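*Asks:* Need a 3D model of the following:
(chains A, B, C and D)
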2 protein chains.
Amino acid sequence: MEEETDAKQEKAEELLEQAERAVINSIADTMDLYGVTPSIGRLYATMYFKHSPMTLDDMKDDLGMSKPSMSTAVRKLQDINIVKKVWKKGSRKDLFLAEKNFFQYFSQFFGDKWEREAKLNLSAIHYAKENLKQILEDEEAEEELKQRAEQDLRQLEEYRSYCHWLERLAHSIESGEIFEFLPIEKSHPNDNDHK
Amino acid sequence: MEEETDAKQEKAEELLEQAERAVINSIADTMDLYGVTPSIGRLYATMYFKHSPMTLDDMKDDLGMSKPSMSTAVRKLQDINIVKKVWKKGSRKDLFLAEKNFFQYFSQFFGDKWEREAKLNLSAIHYAKENLKQILEDEEAEEELKQRAEQDLRQLEEYRSYCHWLERLAHSIESGEIFEFLPIEKSHPNDNDHK
DNA sequence: AAAAACGTTAAAAAATAATTTAATAAAATA
DNA sequence: TATTTTATTAAATTATTTTTTAACGTTTTT
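*Replies:* Just a heads-up that it's a prediction; the model follows:
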């Protein structure tokens, strides 16, 4: 019966590997949304299933890429705060562990992006509005020009209210306030996914 | 006094141009967030200030690029629904107009992206969970393997709840429900931007 | 103190993506 | 119907990004 157990063993391993691979692929495929290249996305996805920290050599072996690539990739992942360097007595290699809380990642990524977008645009809008107002105040300016200035002004006003809204959304996500409106629903382990 | 008025005229034109250019630059710079290349972003930003529709030749002249480039760029902008083809009696050239409502653009872009992300990942998670459960049900599977399967399962449960949350966020943005929580504040034309 | 192990930077190579020119297809005018 | 205008596709070019190999500087071990 020895061989049969071995076969079963192998099948179980195969199942686990397939399971992890499926999720790794889908994480890697969707991570481009978060400003990360496919390889870096795949590295993160790989680390996501490691329950103990990885070294650069581990990564290189797992992904079949060069060590410098892993070095820069893991730095990028640290920059966006989804991988942390950990310390462990003994090993003199650097050790890295994936942050597995997607909410944290999501919040920070979009919070930063949107805030930056809003700030940049608001400052340009402010500058533009000053100019346009000057035109409107100028008695001698051509009527056609004035009309265009007015229309631009109206448009920028709308744009400004969008930027402010974006800022508020970013803050509510960063502060966690959004979860009052859209609470996180802990689904129970036995729930089935429904189509 | 003729020359003086001309000079003033020119200055007013200069002011308007500077105003538009400032905003065009900042829109172009931030549009990479919306999955668009810098050139395409700049094209949109340019169209944003046109109060009548543009032809491909107009775009080509404005941006100093080739016509095929404009053709593909404008198609991309139509794909993401921020530029519409309009019809006008007379002209046999195609005419395009920018959608200026950023809320609509934002909603659709992130709604689509997040929904796609959630769906893809949820389906991988579902598949993975089935596999992992099989391992746990297998009497003869190695203890170590089972533990790993259990840990993966716990982790995927968290991931799943994140994906569901993302789906709900996408829906609440697409449906406009989010604006009940974060209302759009129409700022008054005379408000000053505050730092 | 010399050798080995690590991680990083720099330069080169390979792979992708953007852009243009040239060719084609479709529609409109004469 | 032939010619011109317009938009698109295909092929070629250019530019950008990603990845690797090679070199470097530090730290650790022997």
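*Asks:* Wait, a strand at A:M65?
*Replies:* No - assignment of A:M65 by DSSP: H, G, I helix; E, B strand; the rest coil gives coil, placing it outside any strand.
*Asks:* Identify the residues contacting the residue nearest the centre of chain A.
*Replies:* Closest residue to the average C-alpha location of chain A: A:Y34 at 3.6 Å, with C-alpha atoms, centre = their mean. By C-beta atoms under 8 Å, 6 or more residues apart in numbering or on different chains, the contact set of A:Y34 is A:41, A:80, A:105, A:109. Every residue, glycine included, has its C-beta placed from N, CA and C.
*Asks:* change it to 6 Å
*Replies:* A:F109 (C-beta atoms under 6 Å, 6 or more residues apart in numbering or on different chains).
*Asks:* before we move on, which element is A:F103 in?
*Replies:* Element membership for A:F103, per DSSP states H and E: helix A:102-137.
*Asks:* what's the angle between that helix and helix B:102-137?
*Replies:* 180 degrees (axes from the mean of the first three to the mean of the last three C-alpha atoms, to 10 degrees).
*Asks:* for helix A:102-137, packing partners?
*Replies:* Helix A:102-137 sits against helix A:143-174, helix B:2-30, with contacts defined as 3 or more C-beta pairs under 6 Å, 6 or more residues apart in numbering or on different chains; DSSP states H and E.
*Asks:* Tell me which of the ones you listed is the most buried.
*Replies:* Ranked by mean neighbour count, the helices and strands packed on helix A:102-137 are led by helix A:143-174 with a mean of 18 (mean count of other C-beta atoms under 10 Å in any protein chain shown).
*Asks:* centre of the chain versus that helix, how much separation?
*Replies:* From the chain centre to the centre of helix A:143-174 is a distance of 26 Å (C-alpha atoms, centre = their mean, to the nearest Å).
*Asks:* could you redo the helices and strands packed on helix A:102-137 as JSON lines and give each row distance to A:S71 and mean pLDDT?
*Replies:* Shown next, in JSON lines, are the helices and strands packed on helix A:102-137 (distance: least, C-beta to C-beta, whole Å; pLDDT from 0 to 100):
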{"stretch": "helix A:143-174", "distance to A:S71": "30", "mean pLDDT": "96"}
{"stretch": "helix B:2-30", "distance to A:S71": "29", "mean pLDDT": "87"}
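*Asks:* Can you list the buried residues in the helix holding A:F103?
*Replies:* Buried positions in helix A:102-137, judged by neighbour count with 16 or more other C-beta atoms under 10 Å in any protein chain shown: A:102-103, A:105-107, A:109-111, A:113-115, A:117-122, A:124-129, A:131-135.
*Asks:* DNA strand D contacts on chain A?
*Replies:* Applying C-beta under 7 Å from any atom of the strand, we find that chain A lies next to DNA strand D at A:37-40, A:64-69, A:72-73, A:92.
*Asks:* Helix, strand or coil: sort out the residue of chain A most remote from its centre for me.
*Replies:* Within chain A, A:E140 marks the point farthest from the mean C-alpha position, 51.4 Å out by C-alpha atoms, centre = their mean. Following three-state DSSP, A:E140 is assigned to coil.
*Asks:* before we move on, what about A:F96?
*Replies:* Assignment for A:F96 (three-state DSSP): strand.
*Asks:* pretty sure it contacts A:V83?
*Replies:* Yes - contact criterion C-beta atoms under 6 Å: A:F96 and A:V83 qualify, at 5.3 Å.
*Asks:* re the thing from before, out of the residues of chain A next to DNA strand D, which is nearest to B:L145?
*Replies:* Each of the residues of chain A next to DNA strand D was checked against B:L145 using C-beta to C-beta; the closest is A:G64, at 24.4 Å.
*Asks:* Tell me the pLDDT of the closest one.
*Replies:* The model reports A:G64 with a pLDDT of 97.
*Asks:* Now it: phi and psi?
*Replies:* Main-chain torsions, A:G64, degrees, to the nearest 10: phi 60, psi 40.
*Asks:* Following the chain onward from the helix or strand harbouring A:T72, which element is next?
*Replies:* A:T72 belongs to helix A:67-79 when elements are defined using DSSP H and E. Later in the chain than helix A:67-79, the nearest helix or strand by DSSP H and E is strand A:83-86.
*Asks:* who does that following strand touch, helix- and strand-wise?
*Replies:* Contacts defined by 3+ C-beta pairs under 6 Å, 6+ apart place strand A:83-86 against strand A:95-98.
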